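[1] would you be able to build a 3D model of this:
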Amino acid sequence: MKERESFVRISSLLWADILVAYALFVMQNYLTDVWKLSLTHAAAILNFWNGLYRILPLFFLFFVDAFLGNFTLLVISSMSYTLGIGFVTMSTPPFLAKSTGTCKQYEPECISHTQKALFYTGMVLIAVGVAGNLVSLKPFLQEQKKKPPQDNEGAEPADTTRPPKFEVSQVVGLVIVVVVGIAGAIALPYIKPWTLRFGIPAICTFVGTVLFLSGSCGYKMEGAKPDGSPLTKVTRVFVAATRNIFQPYSDVRRHSFSDTSCLGVCTAAEVEEAKIAVRMVPMWMTFIVCGIVSSIGDTYFVEQSNNMKRNIGKLTLPPQILKLVKDRTGGFLSLLAGSYILNSPNIKAPRNGIIAAMVFSVLCCITAAKMENKRLKVIRNHGLLDKPDDDVPMSIYWLIFQFVLLAGLDSFLEKSVAKFYKDQAPPSMTNYLQNFVRAVSGLGFMCSSLSVYIVGKISERGGRPNWFQHTLNRSRLDRYYWVLACLSSVNLFVFLFVSRRYKYRKWEPVQGDEAPEAGGAYTDGYTEENLASAIL
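    This next block holds a predicted model:
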């Protein structure tokens, strides 16, 4: 009974996360409509935030293994999450109007410097909360499901042919995750005031955090004691090798970065792990472009959907329906990718999955370019170029194709990278390498702003107008998407070249050498599919 209660309390963090995810999905529209920021300025803020929460797990995983443990990090992240979404709610104009002496309208002049500071602080705290949950939520749930060792003498062997049984609490938890996701996509957007759009998830997050903390005394803490980070061992190898570079040749007697240059202070296994990490660097670099393409899904795609027709007959659906379609498609494609990659005896199956993800990336950019060109033609024909707040007589559901292809990119990349490092990396380093790839993808999100700046500067040469204007209707996102399509194509050929030169191997773990529990599989997002995987 206590185990079920603990499971429900921990799962409450998932439900709150989902509502926050759907509330933040339209943050691009909030910044352009309420703050009146330019298209690129709003996108830069969100891309920095998306990159930050993808980079932080790499550092948090080290702290979990070396100092904190999963429970302590969850306490920190849940409290940070609650404060963050609370600060974002307080940053809306009506909330502190009396205290700051500003107006209550959703206009830029009604937003004080204090509220702007609350907004930016809140977004950083939310990033910390998301990163902490990505690292420790799934492992901590798994710790609660572990049964204590028992004396099995005389007991009948377990029947491994039977399908796994799921507890009622697990099924209920999964159903609630799905229901909350649908509610966040359909019900929440009908609430017009932005204060309530952010406030309701803030209240749910607070309740989920209190519920989680109230069960602190009943959680299993077998895995709470940190046992050291394998990252420390790899770092020691690089430090030893770097130090030997500056030694006289007679002292080193070999090449400065060879195995023997490190064996004086490092074991052979540690040197081998470091060499594996170095060999994977060229592949990692190709994932930056994947991150750049993924970044447009939460920014420019969302801005495109603003003011488009959302009705199906007499039924009008909110823009969040696009996220719901993307998440559901991503879940299906994850199962499809997993069935091929996980069950294939071919050691290069993960490589093929990554290639498929990059093909999705190219197709996504091409489709987005064509759809944006179609949207701009409709705008010109109806004289809406200088009317950014008017409705565009074009169905929002034309954008479903690019969201589905973006889901293909994220899903195949997630499954393929996870399987690749499971096969190619030593078990002790698997979680770190997967999180490093997530961090590289996050770097791609941050580089998206740089790519926009460079493309914009090049586009205005010769006195021509910049492709990125203050409003979407005056911008030429279709041309930027074509640039990304070309960049993704080049990136695909680079990956083909690098992956062909990579020496594939099947890592054979020694007895007792198992992957650490800290950190989950590579997940490039915090949608309900990624969170629901923790329940099962």
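
[2] and the strands in the stretch 251-400 of the chain?
    Ranges of strands in the stretch 251-400 of the chain, per DSSP state E, counting those that start in this stretch, are 308-309, 311-312, 315-316, 392-395.

[3] and R197, which of those strands is closest to it?
    strand 315-316 (17.2 Å; Cβ to Cβ). Quick note: C-beta positions are derived from backbone N, CA and C, even for glycine.

[4] TSV for the strands of the stretch 251-400 of the chain, including mean pLDDT?
    What follows is these, written out as TSV (pLDDT from 0 to 100):
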stretch	mean pLDDT
strand 308-309	88
strand 311-312	80
strand 315-316	76
strand 392-395	89
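
[5] wait, which of those strands is closest to A439?
    With Cβ to Cβ as the criterion, A439 lies closest to strand 308-309 of the strands of the stretch 251-400 of the chain, at 34.3 Å.

[6] turn the strands of the stretch 251-400 of the chain into JSON lines, including distance to R54.
    Formatted as JSON lines, these follow (distance: least, Cβ to Cβ, whole Å):
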{"stretch": "strand 308-309", "distance to R54": "29"}
{"stretch": "strand 311-312", "distance to R54": "34"}
{"stretch": "strand 315-316", "distance to R54": "34"}
{"stretch": "strand 392-395", "distance to R54": "32"}
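
[7] distance of N50 from I85?
    16 Å (Cβ to Cβ, to the nearest Å).

[8] so what's L405 closest to, chain neighbours aside?
    Closest residue to L405 apart from its sequence neighbours, by Cβ to Cβ, 6 or more residues apart in numbering: C364 at 3.7 Å.

[9] run a quick neighbour tally on the one you found.
    Applying other Cβ atoms under 10 Å, we find 28 residues neighbouring C364.

[10] that one contacts S294, correct?
    No - counting by Cβ atoms under 8 Å, C364 stays clear of S294, with 9.2 Å between them.

[11] joint contacts of the two?
    Residues touching both C364 and S294 (Cβ atoms under 8 Å, 6 or more residues apart in numbering): 406, 409.

[12] that older thread, residues in contact with the residue nearest to L405?
    293, 402, 405-406, 408-409.

[13] 6 Å instead?
    Counting by Cβ atoms under 6 Å, 6 or more residues apart in numbering, C364 makes contact with 402, 405-406.

[14] in JSON lines: the strands of the stretch 251-400 of the chain, plus mean neighbour count and distance to V289.
    Shown next, in JSON lines, are the strands of the stretch 251-400 of the chain (neighbours: other Cβ atoms under 10 Å; distance: least, Cβ to Cβ, whole Å):
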{"stretch": "strand 308-309", "mean neighbour count": "16", "distance to V289": "28"}
{"stretch": "strand 311-312", "mean neighbour count": "12", "distance to V289": "35"}
{"stretch": "strand 315-316", "mean neighbour count": "8", "distance to V289": "37"}
{"stretch": "strand 392-395", "mean neighbour count": "16", "distance to V289": "29"}
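
[15] and the ones you listed: which comes nearest D327?
    It's strand 311-312; of the strands of the stretch 251-400 of the chain, that one is closest to D327 (Cβ to Cβ) at 19.0 Å.

[16] what about the stretch 251-400 of the chain, any weak spots by pLDDT?
    For the stretch 251-400 of the chain, applying pLDDT under 70 flags the ranges 251-274, 276-277.

[17] Q105: which element?
    Assigned by DSSP states H and E, Q105 falls within no helix or strand.

[18] just give the nearest non-adjacent residue to it, would you?
    P93 (6.4 Å).

[19] buried residues in stretch 478-492?
    Buried residues in stretch 478-492, counted by 16 or more other Cβ atoms under 10 Å: 478, 480-485, 487-489, 491-492.

[20] buried residues in stretch 313-322, which are they?
    Buried, per 16+ other Cβ under 10 Å, within stretch 313-322: 317-322.

[21] out of those, who's nearest K36?
    Nearest to K36 among the buried residues of stretch 313-322, counting by Cβ to Cβ, is P319 at 19.1 Å.

[22] sorry, back to before: from the buried residues of stretch 313-322, which land in helices?
    320-322 (DSSP state H).

[23] just send the residues you listed back as JSON lines, with distance to Q105 too.
    Formatted as JSON lines, these follow (distance: Cβ to Cβ, whole Å):
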{"residue": "Q320", "distance to Q105": "24"}
{"residue": "I321", "distance to Q105": "28"}
{"residue": "L322", "distance to Q105": "28"}
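
[24] what are the phi and psi angles of N307?
    N307 has phi and psi values of phi 70, psi 10 when expressed as degrees, to the nearest 10.

[25] burial measure for it, as a count.
    21.

[26] i'd like the first residue to be 476 from this point on
    All right, first residue 476 from here; so that's N782.

[27] you'd agree it is up against M869?
    No - N782 is beyond contact range of M869, at 9.6 Å (criterion: Cβ atoms under 6 Å).

[28] count the neighbours of G576 for me.
    For G576, using other Cβ under 10 Å, the count is 8.

[29] same thing with T596?
    With other Cβ under 10 Å as criterion, T596 counts 15.

[30] for it, give me its contacts.
    T596 neighbours (Cβ under 6 Å, 6+ apart): F562.

[31] could you say which helix or strand contains it?
    Counting by DSSP H and E, T596 is part of helix 588-620.

[32] what's the average pLDDT for that helix?
    Averaged across helix 588-620, pLDDT comes to 87.

[33] stretch 555-572 now?
    92.

[34] only alpha carbons, please: show it as PDB.
    Written as PDB, here are the backbone C-alpha positions of stretch 555-572 (Å, rounded to 0.1, in the frame of the first residue of the first chain):
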ATOM      1  CA  SER A 555      12.400  25.400  -8.600                       C
ATOM      2  CA  TYR A 556       9.600  24.400 -11.000                       C
ATOM      3  CA  THR A 557       7.000  25.700  -8.600                       C
ATOM      4  CA  LEU A 558       8.700  29.000  -8.100                       C
ATOM      5  CA  GLY A 559       9.400  29.400 -11.800                       C
ATOM      6  CA  ILE A 560       5.900  29.100 -13.100                       C
ATOM      7  CA  GLY A 561       4.700  31.200 -10.100                       C
ATOM      8  CA  PHE A 562       7.100  34.000 -11.100                       C
ATOM      9  CA  VAL A 563       6.000  33.800 -14.700                       C
ATOM     10  CA  THR A 564       2.400  34.100 -13.500                       C
ATOM     11  CA  MET A 565       3.300  37.100 -11.400                       C
ATOM     12  CA  SER A 566       5.000  38.700 -14.400                       C
ATOM     13  CA  THR A 567       1.700  39.100 -16.300                       C
ATOM     14  CA  PRO A 568       0.400  42.700 -16.200                       C
ATOM     15  CA  PRO A 569      -2.700  42.400 -14.000                       C
ATOM     16  CA  PHE A 570      -1.100  40.400 -11.200                       C
ATOM     17  CA  LEU A 571       1.100  43.200  -9.700                       C
ATOM     18  CA  ALA A 572      -0.600  46.200 -11.200                       C
END
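
[35] ok, and for the helix holding T596, which residues are buried?
    Result for helix 588-620 [16+ other Cβ under 10 Å]: buried residues 590, 593-594, 597-616, 618-619.

[36] ditto for stretch 807-814
    For stretch 807-814, a neighbour-count test (16+ other Cβ under 10 Å) marks 808-809, 812-813 as buried.

[37] residues making contact with it?
    Residues outside stretch 807-814 that contact it (Cβ under 6 Å, 6+ apart): 828, 883, 886-887, 890.

[38] quick one: pLDDT of F713?
    pLDDT, read off for F713, is 58.
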